[in-house]
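S.K.: Based on what follows, work out the 3D shape:
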Amino acid sequence: MSLKAWYNDLPVITRWHMTVLVTTAVMVQMGVVHERNIAYNWQLVARGQVWRLLTSFAFVDRLGMGFMFYLQTHFFMGLALESDKNTAGHAYFLMLVMPLTILVVVLLGVQAYFLSHALYTAIMFYFSQRHPNVPVSLMGLIVIPGSQLIWWTFAFQVVSGQPLEVMLIGLACAAVLWYSDVTAHPPHAVVDYFAEYNKKDS
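M.R.: Here you go, the predicted model:
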């Protein structure tokens, strides 16, 4: 199978999410885009730079081991979440958790440059609830059940001295959506859109 065929065969949400993450990382690495021009900054958003609300979710890290770890787990979780014909459900979850994360960050006045880590944590929580027993390989070193992935990631963040505030917000937002059962039944418009998109894409 060619690289193009493999790429086109990826589930649509996973394909576009990976494309955005890789493209943004490469552009930042090459100096085409600077982090400060795509980072979250509420003062600048209020002045009209509304693109920052989306671009702050698009950048995880510069190219390196950290980025590869995030990319690997994003890819694995995305495939799992869409493998059981849940593309519409996964999309609907993202449509809800991203604006909810922004709302919480704004209301709490959290100083966060990139909200991608909150989204990453939210997806991990969603994945762990839907696929708690799926084995997950961490960079080929150890294999853990899906239910433990989020706690291993938090432990890694603590050991590496990374702030947990944004990740905790992502976790809280995902938990609210999951336990309120909001994401269990996506609107028919969302389901029909992705059903039609997958027909055209196949």
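
S.K.: Give me the buried positions along the helix-or-strand element of the chain with minimal mean pLDDT.
M.R.: In the chain, the helix or strand scored least confidently by mean pLDDT, DSSP states H and E is helix 188-201, which has a mean of 75. In terms of neighbour count (16 or more other CB atoms under 10 Å), helix 188-201 has its buried residues at 191, 194. Every residue, glycine included, has its C-beta placed from N, CA and C.

S.K.: How far does it sit from its chain's centre?
M.R.: Averaging C-alpha positions (CA atoms, centre = their mean, to the nearest Å) puts helix 188-201 21 Å from its chain's average.

S.K.: Return the list of helices and strands in contact with that helix.
M.R.: helix 12-29, helix 87-108 (3 or more CB pairs under 8 Å, 6 or more residues apart in numbering; DSSP states H and E).

S.K.: which helices and strands sit right next to the longest one?
M.R.: Packing contacts for helix 87-108, counted by 3+ CB pairs under 8 Å, 6+ apart, involve helix 12-29, helix 65-83, helix 116-130, helix 165-179, helix 188-201.

S.K.: let's see it at 6 Å
M.R.: helix 12-29, helix 116-130, helix 165-179, helix 188-201 (3 or more CB pairs under 6 Å, 6 or more residues apart in numbering; DSSP states H and E).

S.K.: residue contacts, residue 145?
M.R.: residue 133 (CB atoms under 6 Å, 6 or more residues apart in numbering).

S.K.: That one and residue 177: what is the separation?
M.R.: Residue 145 sits 22 Å away from residue 177, taking CB to CB, to the nearest Å as the criterion.
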